[in-house]
Structure formats: C-alpha cells, structure tokens
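Colleague: Pasting the sequence and the predicted coordinates here, then a few questions.
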Amino acid sequence: MPMQMGFRWYGEGNDKISLADIKQIPGVTSIVWALHHKLPGEVWTVEEIAEVQKQLEPYGFNMDVVESVNVHDDIKIGLPSRDQYIENYIQTIKNLSKFGVKVICYNFMPIFDWTRTDLFHPVGDGSTALYYEAGKIHDDPKEMADYILNNLHGMTFPGWEPERMEKLDELFAAYKPVTKEVLWENLKYFLEALMPTCKECDIKMAIHMDDPPWDIFGLPRLLTCEENIDRFLKMVDNPYNCLTLCSGSLNADPGNNVADIVRKHCDRIAFAHIRNVKHFPNGDFSEASHRDCDGDTGILDILKAYHDCGFEGYIRPDHGRHLWGEKPGNVRPGYGLYDRALGIMYMLGVWDMLDKLDGNK
Ligand code: CS2
Ligand code: MN
C-alpha cells in the first residue's frame, strides 16, 4: 500500500473550505478531521462521529485519521481526576474504531499547542505566514493568548479554546509541580492505560511533536529532539505507540535532522506532517512554502527518506502560507486552501518521480 495523502478539514460549518474544494486537489484520499466543538476530556459519541461519516461518504474520502483528540490538562498534570478522563478517552477510541479510524494524532504540550508571535507575517512575495519572533515570546503568556484569540476571529483552534484561555492563571498554577520528569511519567501512565484498547481497536496513538520544540513560559516540553523521541518510543515500546512526525515543528530547531529521524523510526511513524520553516540568525523563524529551497527543513531529503523506507502511513501538508485573498478574518491561520494544495502537488510530484526512478511506475 502506498502512503496516503490527507488534508486537514475543520468540519461542516466550521471550515470555509468545502469538501467539494478538497475533492479537486489531486491525490487526497483522507480527510484529517476532528469534532472541534468538543472540549478536552469529553467523550466523542457514536452519533457525532456518524454525522461526519455521512458528510465524507459522498466524496469517497476516508476518515482514517483524527487530529486531534485533545488530552485533558488533568491527565498532563497527573491529578486524581485523570483516571476518569482516561476512561473517557478510551471510550472515544472505542467509538472511533466503529468507523474504521486507524490513527489518532494528539499532543502532550502543557497549556498551549503551537505558539507563534505573528499569524500573518509578510513573506516578501505578497503572501503571509505564521512567524515566531524569539524576542517576543518571553513576554506575558496572557498577552500572547489574547493576541492569538483576537486573530482567530472566533474560528476554533484546538489548544486555543477560549474557555481554557480564560483560566490561564489557574492553569499555570496547576502545572507548577509538573517538572519535565513528572510530565514524562504522566505521559507514560496515560499511554500504558490506552495501549490494550488501541490493540483491540487497531488504532495507533500518534503523538505530535512539540511546537516550537523547546520550553516556553517555563512550561516543560518533551517531544523536541531525536534523543527524546528515542526515549518516548522506548518508554512505551508498543507498535500502537507511534509518532506524528511534524517536520516543521521539529525543524524550528535547526539542530534537528528530520530525515535522519524518519530513517531511524519509520515503522513507528503513523502520520507525517510536512511543513517547511525558514530560520533567521537571531532565532526567529518563519513558515514557508513546501518547496525545499524556500526553507531550511530539508523537505526533499525528508520525502526521499519516507520513500526509501517504503512509508505506508498517512501524510499531509501542514501549515501553508496565506495567498490570493486569504486575509485575517477569512482564513484560519496556517490552514488556507491554496498553499496546502500547492504543497500537496509538490509532494506528489516528488513522490511520483521517486516511484518512477524506482521503476514502480
Ligand atoms: C498542528 C498541531 O496546526 C498545527 O500545528 O500540526 O496543532 C497539531 O494539530 C496538534 O499539536 C496535535 O494535537
Ligand atoms: Mn504538525
């Protein structure tokens, strides 16, 4: 089976991009979906999942990959209430398995998901992209959360739920005792509880890399480099404990070589995110088009590594730039239609050529 191309979609009525639009992008077989109205910790019901299935079916898309089923803070903090939230997570896995879901992408970052200081930074060609200004990130996390929420213009964004952001002080206080080692322990506890159900349901848990891959606002981050990925996979050494290897998240640290990690752990990568990043000498970075030479991530080397390993998992373009009229208010930052579609064509172009050179086509 060849790799399967996915496209992230935020759901009917919640995403300006329609399934009919996505259908016109060559090669997409999987819609990477989620129930975006659910808060972390809530059970996803069979009826709610069936609703999405009904929407995808006419287009022939599969619903094999969910991104994300978000993990409740109490699990990450390790509070006694975590056992109930883990039970809920297990029930969600069971419900998802009734619809043939194969991979659940999630992350284990305290409080915040991806973090950027500018959501619409000029790239220089008229387009804009997500940008990280190293000097700005040491400021108040509240200011940053306000900035991001204001620029989402009411659009849902996992990890940036207004309900959670309102309680930022409480959240920071609750995470106080959570050192890096405690967070590792809590991740292990969570995964070990899930693994039997994952096997029974044939669903892989695929952790997303931390973005950016370093501690921010004093909060520990784990999935940041090859060494920690090794530790993670060994810690719960189970074929259902997998990675969402996000090239752009990892490569925000220029010390990470994503292609090397692909070659080392290909059998444990359930889901590949391809995103390109350009580094600046002062520690800032900007997201870039998927074309190899537009950034520093080594997109060609990464695709070649997946191809050489016979990767049969799911792959998707990650964040794109905002193009051709995609402006604050009418586009979900990083998730416009055009640049992600261009990214897919770039990836498929490379992939098809590698197939051809191998004599497979
Ligand atoms: C995604 C992540 O938009 C993105 O950067 O790749 O937010 C990802 O969806 C989550 O971290 C997974 O839980
Ligand atoms: Mn990603």
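Modeller: Cool, got the structure. Ligands and ions are numbered 1, 2, ... in the order given.

Colleague: So what sits opposite the residue nearest in space to the middle of the chain in the bridge?
Modeller: Centroid-nearest residue in the chain: His208, 5.3 Å away (criterion: C-alpha atoms, centre = their mean). Following DSSP bridges, His208 is listed with bridge partners Thr244.

Colleague: Please name the residues that touch it.
Modeller: 67-68, 105-107, 223, 244, 246, 249, 273 (C-beta atoms under 8 Å, 6 or more residues apart in numbering). In this view, the C-beta of every residue, glycine as well, is placed from N, C-alpha and C.

Colleague: So for it, what's the pLDDT?
Modeller: Turning to His208, the model gives it a pLDDT of 98.

Colleague: how near is it to Lys176?
Modeller: 24 Å (C-beta to C-beta, to the nearest Å).

Colleague: With Pro333 instead?
Modeller: 30 Å.

Colleague: Settle it for me: which of these two has more neighbours?
Modeller: Neighbour count, other C-beta atoms under 10 Å: between Pro333 and Lys176, Pro333 has more, with 24 against 9.

Colleague: check contacts around that one.
Modeller: When contacts are counted by C-beta under 8 Å, 6+ apart, Pro333 touches 116, 119-120, 130, 151-152, 157, 322.

Colleague: Return only those of the residues you listed found close to ligand 2.
Modeller: Here nothing survives when the contacts of Pro333 are matched to ligand 2 using C-beta under 5 Å from the ion.

Colleague: and those residues, which are buried?
Modeller: Buried residues within the contacts of Pro333, counting neighbours by 16 or more other C-beta atoms under 10 Å: 116, 119-120, 130, 151-152, 157, 322.

Colleague: returning to that earlier point: max pairwise distance over the contacts of His208: which two?
Modeller: Glu67 and Leu223 (15.1 Å; C-beta to C-beta).

Colleague: ok, how many other residues are close to Phe112?
Modeller: There are 23 residues near Phe112, going by other C-beta under 10 Å.

Colleague: Looks to me like it is in a strand.
Modeller: No. With DSSP: H, G, I helix; E, B strand; the rest coil as the criterion, Phe112 is coil rather than part of a strand.

Colleague: heads up, I number from 43, so please use that
Modeller: Renumbered: residue one is now 43, and that last one reads Phe154.

Colleague: Does it touch Asp257 like I think?
Modeller: No. Applying C-beta atoms under 8 Å as the test, Phe154 and Asp257 come out as separate, 11.3 Å apart.

Colleague: one step back: go back to the contacts of His250 and keep what's next to ligand 2.
Modeller: Applying C-beta under 5 Å from the ion to those, those adjacent to ligand 2 are 288, 315.

Colleague: what residues are up against Glu203?
Modeller: 81-82.

Colleague: Using CSV, lay out the contacts of His250 together with neighbour count.
Modeller: Converted to CSV, the contacts of His250 look like this (neighbours: other C-beta atoms under 10 Å):
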residue, neighbour count
Glu109, 24
Ser110, 19
Cys147, 26
Tyr148, 19
Asn149, 26
Leu265, 24
Thr286, 29
Cys288, 28
Ser291, 26
His315, 25
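
Colleague: Throw the contacts of His250 into JSON lines and include distance to Tyr101 and secondary structure, thanks.
Modeller: Putting the contacts of His250 into JSON lines (distance: C-beta to C-beta, whole Å; DSSP: H, G, I helix; E, B strand; the rest coil) gives the following:
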{"residue": "Glu109", "distance to Tyr101": "18", "secondary structure": "strand"}
{"residue": "Ser110", "distance to Tyr101": "22", "secondary structure": "coil"}
{"residue": "Cys147", "distance to Tyr101": "21", "secondary structure": "strand"}
{"residue": "Tyr148", "distance to Tyr101": "26", "secondary structure": "strand"}
{"residue": "Asn149", "distance to Tyr101": "28", "secondary structure": "coil"}
{"residue": "Leu265", "distance to Tyr101": "33", "secondary structure": "coil"}
{"residue": "Thr286", "distance to Tyr101": "24", "secondary structure": "strand"}
{"residue": "Cys288", "distance to Tyr101": "26", "secondary structure": "strand"}
{"residue": "Ser291", "distance to Tyr101": "29", "secondary structure": "helix"}
{"residue": "His315", "distance to Tyr101": "22", "secondary structure": "strand"}
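
Colleague: any idea which of the contacts of His250 is closest to Phe232?
Modeller: Set against Phe232, the nearest of the contacts of His250 by C-beta to C-beta is Tyr148 (9.5 Å).

Colleague: what pairs with the closest one across the strands?
Modeller: Tyr148 has these beta-bridge partners by DSSP bridges: Ile249.

Colleague: dump the residue contacts of it.
Modeller: 110-113, 247-250.

Colleague: And the furthest pair within those residues?
Modeller: By the measure C-beta to C-beta, Asn112 and Ala248 form the most distant pair in the contacts of Tyr148, at 13.7 Å.

Colleague: Thanks a lot, catch you later.
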